[in-house]
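Asker: next one to model:
(chains A and B)
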Number of protein chains: 2
Amino acid sequence: MATQTNLSINPRRLWDSIHDTARFGATPKGGLRRLAASAEDKQVRDWLAAACEAAGCTVAIDHCGNMFATYPGRRPDLKPIATGSHLDTQPTGGKFDGILGVLAGLEVIRTFAEMGYQTNAPIMVVNWTNEEGSRFAPAMQCSGVYAGALGLEDALATPDREGVTLGEALEAIGYAGGESVRSDRFQALFELHIEQGPILEAEGITIGAVQGVQGIRWHEVTLRGQDAHTGATPMGMRRDALCGMAAVVCALQEIGRRHAPGVASVGMAECRPNSRNVVPGEVFFTADIRHPDEAVLDEMEAAFLAALAEAAAANGLDVEQRRNWHSPAIAFDAGMIECVKLGAEKAGLATRDMLSGAGHDAAYLAPLVPTAMIFVPCEGGISHNEIEAATLEDCGAGTQVLLNAILEYDARLG
Amino acid sequence: MATQTNLSINPRRLWDSIHDTARFGATPKGGLRRLAASAEDKQVRDWLAAACEAAGCTVAIDHCGNMFATYPGRRPDLKPIATGSHLDTQPTGGKFDGILGVLAGLEVIRTFAEMGYQTNAPIMVVNWTNEEGSRFAPAMQCSGVYAGALGLEDALATPDREGVTLGEALEAIGYAGGESVRSDRFQALFELHIEQGPILEAEGITIGAVQGVQGIRWHEVTLRGQDAHTGATPMGMRRDALCGMAAVVCALQEIGRRHAPGVASVGMAECRPNSRNVVPGEVFFTADIRHPDEAVLDEMEAAFLAALAEAAAANGLDVEQRRNWHSPAIAFDAGMIECVKLGAEKAGLATRDMLSGAGHDAAYLAPLVPTAMIFVPCEGGISHNEIEAATLEDCGAGTQVLLNAILEYDARLG
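Answerer: Reported below is the predicted structural model:
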């Protein structure tokens, strides 16, 4: 089954949208600082609303500021096919993370509008509030509220470091919308995003057909031994907390390697008292363990805890440990993934099945409606960084695949 | 050969000296903050000078503030037998480190004075300026100047963090002495010190007969890989600097264990950017490697550098490494060590041959004159800490052994 239409998006117009909106929160190093519900966020939201309305959409804003721009379809009885991502950024973020997904949705609608083409279902472009979680924690906050995974009142009451709540900040910028938060605004969701990893670039493939999001488990560990003089304390009488941590870091690397495509690593490590001639009496570190299969993730986590216990016993250390976050593994919808692959095939582009290692708004939606993601390469796999970069060609290719996938899905509604 | 005298020091008087002077720089937690050439250092120096003069000494101060209190002997043709240590402390130091050695010297002289006893050679109590190196780096600074290992002008020009030089600070407290720095003030040196390690306490032995000071080599290492997303970067595509460091920490622990009585460890470790979901792209750490035999120390250092190269290669890391300090191994004088052992025997105390893992003023003097050290236990081996503790009995025992050893040495001059 393949769609009969042959619509082409305009890569240059997409690229201009990305760079035109990059003035809202631009940093001297070429990145963006556009925190959720900030003055800069208001600027880009106003731009998006105006652009969507100019393309023929009606725009709705819900109580937590999520924006839904709907382009009409032929059949008003069908719920929209949605696409989108987020326009907020990290404090020193890039021009593509989230932004590509929203502006690609706009480009798809502009293409339909320009060609006078109407899908069966309406098409909806979504801008989720506070995906990054930098100003207000946690991340993916308002897609989580939409999906019912997080509470609306909790979200609106979340304070930033100055004590301003998300609700107050949304009021201040005029995006505390009048519409209730409900989970039935669309029937399916495609999210286009930069990969934020190095695989596509390394393999020279433009389109990642994302199969799901890895399950994530985070741990925090403190190991306590005894501060001691490095010169005066024989090796056998030490309780060196750093040696304990080092053994766990090495073990966790092996655990990651043994469980591909899973990954495992320590990101934060702090050594106390951190003095050249003192055997470290205490360390704090975090562990990040991911795998697409929860059963394998259980095994990896058990192996980590066993390595931790062994390292503590070998070095005479006390252990304080807790799992402080768990994001379950998500598998995307097989039919939606097929639409992405057919859409890529139609565009003459190879795809690679892959997993998302990072969390995305789409992960919250996957349990509710058929959902899939499309990845395009980013330079060096670098993201959450002002030097984040992607090419016009790859952004355009991803957007073309998004349009084709939407048409594939829409054709099945015919 | 044993001396005929039977002089006993007064442990309670020694203990009172320790606690009386502990008001100069006392901290709320029961420790001391008496930085070199500070107002508190002046207070304790004034106290020492007055106490030594009251006991019959003349006090000389050299250009770098070293204090030499000389109690006369029978034979003015002989150079003094010296004993001492330092009265400065770490920023959060204890009441015994260095202080015991100086006040034990005072107690020995007070004992001689009280009993009207005269040795053949004069007895000299020394207080070395800036042993700790906390306010002015490096440590053991003015014993190093005395011994000619460090330059006087360099030492006096050393700035603290506020830009005040050691020379200015000594002027300000009235201890920029009028006497030239020369290396011929005494013919032999005993230094009594707390062990600063756990061995004596663990073995229930009061007197350590110190054979020498371990050679020390310090290294600084930076490993550079690539920051990357913990979720989106497969294990095989990572350049995880923390994994490289962890392998080196584990290897260095093994190197230390294989080369007893040598020791080896990492004291400082910093992880960058130190974020839970970022594979660490850079680490900085220090290595501290010690052994009493320079040839074995060469082997340990070579094994460390090999482990570093291997860990860097295995993790795709760039290495920046330098040896930033080297303190050669020192062997104390056999005749002086014999005096210590005979002195302990006379006091009915068992001794244990041991090495000093820490650096001490005595290490700078050992190449110049016959030198030895006496160790007594400290609680839990803890030092450089406000909770540093030693008992009245052990301090008294060490001081009795010091007096006996001085008499043994002096008898040989007869």
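Asker: CA only for contacts and neighbour counts going forward, please
Answerer: Will do.
Asker: any idea how far A:Tyr146 is from chain B?
Answerer: Noted for A:Tyr146: a distance of 24 Å to chain B, by CA to the nearest CA, to the nearest Å.
Asker: for the residue nearest to that residue when sequence neighbours are not counted, give me phi and psi.
Answerer: Spatial nearest neighbour of A:Tyr146, excluding adjacent residues (CA to CA, 6 or more residues apart in numbering or on different chains): A:Ser183 at 5.5 Å. Torsion angles at A:Ser183 (phi, psi; degrees, to the nearest 10) stand at phi -100, psi 20.
Asker: got it, and A:Glu191?
Answerer: Here A:Glu191 shows phi and psi, under degrees, to the nearest 10, equal to phi -120, psi 120.
Asker: which SS class is the nearest residue to it once chain neighbours are set aside?
Answerer: What sits nearest to A:Glu191 in space, not counting adjacent residues and going by CA to CA, 6+ apart, is A:Met373, at 4.7 Å. Applying DSSP: H, G, I helix; E, B strand; the rest coil to A:Met373 yields a three-state assignment of strand.
Asker: identify the residues contacting A:Met373.
Answerer: A:Phe190, A:Glu191, A:Leu192, A:His193, A:Ala209, A:Val210, A:Gln211, A:Ile337, A:Ala362 (CA atoms under 8 Å, 6 or more residues apart in numbering or on different chains).
Asker: so A:Val125, which of the three states?
Answerer: strand.
Asker: quick check: mean pLDDT across the top helix by length along chain A?
Answerer: Using DSSP state H, we find that the single longest helix of chain A is helix A:294-315. Mean pLDDT, helix A:294-315: 98.
Asker: where along the stretch 151-300 of chain A do the strands fall?
Answerer: A:188-194, A:207-213, A:215-224, A:228-229, A:263-272, A:278-279, A:282-291 (DSSP state E, counting those that start in this stretch).
Asker: counting by contacts, list what the first one packs against.
Answerer: The one in question is strand A:188-194. Using 3 or more CA pairs under 8 Å, 6 or more residues apart in numbering or on different chains; DSSP states H and E, the elements in contact with strand A:188-194 are strand A:81-85, helix A:99-115, helix A:361-365, strand A:371-376, helix A:392-411.
Asker: if you set the cut-off to 7 Å instead, what comes out?
Answerer: If contacts are counted by 3 or more CA pairs under 7 Å, 6 or more residues apart in numbering or on different chains; DSSP states H and E, strand A:188-194 sits against strand A:81-85, helix A:99-115, strand A:371-376.
Asker: can you tell me which of the strands of the stretch 151-300 of chain A is nearest to A:His326?
Answerer: strand A:215-224 (4.5 Å; CA to CA).
Asker: does the closest one reach chain B?
Answerer: No. Using CA under 7 Å from any CA of the partner chain, strand A:215-224 stays clear of chain B, coming no nearer than 8.3 Å.
Asker: mind listing what the residue with the largest distance to the centre of chain A touches?
Answerer: Residue distances from the centre of chain A (CA atoms, centre = their mean) peak at A:Ala232, which lies 50.1 Å from the mean C-alpha position. Residues in contact with A:Ala232 (CA atoms under 7 Å, 6 or more residues apart in numbering or on different chains) are B:Gln196, B:Gly197, B:Ser356, B:Gly357, B:Ala358.
Asker: identify the residue spatially nearest to the third one, adjacent ones excluded.
Answerer: Beyond its immediate neighbours in the sequence, the residue positioned closest to B:Ser356 (CA to CA, 6+ apart) is B:Val213, lying 4.6 Å away.
Asker: wait, that neighbour touches B:His360, no?
Answerer: No. Taking contacts as CA atoms under 7 Å, B:Val213 lies outside contact range of B:His360: 8.1 Å.
Asker: the two: who's more crowded?
Answerer: B:Val213 (28 against 21; other CA atoms under 10 Å in any protein chain shown).
Asker: quick check, pLDDT for that one.
Answerer: At B:Val213, the pLDDT value in this model is 95.
Asker: what about the closest residue to chain B within the stretch 51-200 of chain A, how many residues close to it?
Answerer: Nearest residue of the stretch 51-200 of chain A to chain B: A:Gly197, at 4.6 Å (CA to the nearest CA). Other residues lying near A:Gly197 total 28 when counted by other CA under 10 Å.
Asker: got the contact list for the residue of the stretch 101-250 of chain A found nearest chain B?
Answerer: For the stretch 101-250 of chain A and chain B, the shortest gap (CA to the nearest CA) falls at A:Gly231, measuring 3.8 Å. Listed by CA under 7 Å, 6+ apart, the contact partners of A:Gly231 are B:Val263, B:Arg290, B:Gly357, B:Ala358.
Asker: ok, back up a step: any idea how far B:Val221 is from the residue farthest from the centre of chain A?
Answerer: Computed as CA to CA, to the nearest Å, the A:Ala232 to B:Val221 distance reads 23 Å.
Asker: could you do A:Ala246 as well?
Answerer: From A:Ala246 to B:Val221 the distance is 16 Å (CA to CA).
Asker: these two - which one has more neighbours?
Answerer: Neighbour comparison, A:Ala246 and B:Val221: the larger count goes to A:Ala246, with 23 against 18 (by other CA under 10 Å).
Asker: the more buried one against B:Leu252, yeah?
Answerer: No. Using CA under 7 Å as the test, A:Ala246 is too far from B:Leu252 to be in contact (10.8 Å).
Asker: now the residue nearest the centre of chain A: phi and psi?
Answerer: Nearest to the geometric centre of chain A sits A:His360, at 3.1 Å (CA atoms, centre = their mean). The phi/psi pair for A:His360 (degrees, to the nearest 10) reads phi -150, psi 160.
Asker: show me what from the stretch 301-414 of chain A comes close to chain B.
Answerer: Residues of the stretch 301-414 of chain A lying close to chain B by CA under 7 Å from any CA are A:Ser356, A:Gly357, A:Ala358, A:Ile382.
Asker: contacting residues around the second one?
Answerer: In this case it means A:Gly357. A:Val213, A:Gln214, B:Gly231, B:Ala232.
Asker: between those, which sits nearest A:Leu242?
Answerer: Among the contacts of A:Gly357, and counting by CA to CA, the member closest to A:Leu242 is B:Gly231, at 25.0 Å.
Asker: state the pLDDT value of that closest one.
Answerer: pLDDT at B:Gly231 comes out at 92.
Asker: do the same with the one 3 residues further on
Answerer: The pLDDT attached to B:Pro234 in the predicted structure is 94.
Asker: OK, contacts around it?
Answerer: For B:Pro234, the contact set (CA under 7 Å, 6+ apart) comprises A:Pro261, A:Val263.
Asker: then the one 5 residues further on?
Answerer: Taking CA under 7 Å, 6+ apart as the criterion, B:Arg239 is in contact with B:Gly225, B:Gln226, B:Gly281, B:Asn315, B:Gly316, B:Leu317.
Asker: mind putting those in JSON lines, distance to chain A and neighbour count included?
Answerer: Formatted as JSON lines, the contacts of B:Arg239 follow (distance: CA to the nearest CA, whole Å; neighbours: other CA atoms under 10 Å in any protein chain shown):
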{"residue": "B:Gly225", "distance to chain A": "13", "neighbour count": "22"}
{"residue": "B:Gln226", "distance to chain A": "10", "neighbour count": "19"}
{"residue": "B:Gly281", "distance to chain A": "10", "neighbour count": "22"}
{"residue": "B:Asn315", "distance to chain A": "11", "neighbour count": "22"}
{"residue": "B:Gly316", "distance to chain A": "14", "neighbour count": "19"}
{"residue": "B:Leu317", "distance to chain A": "15", "neighbour count": "24"}
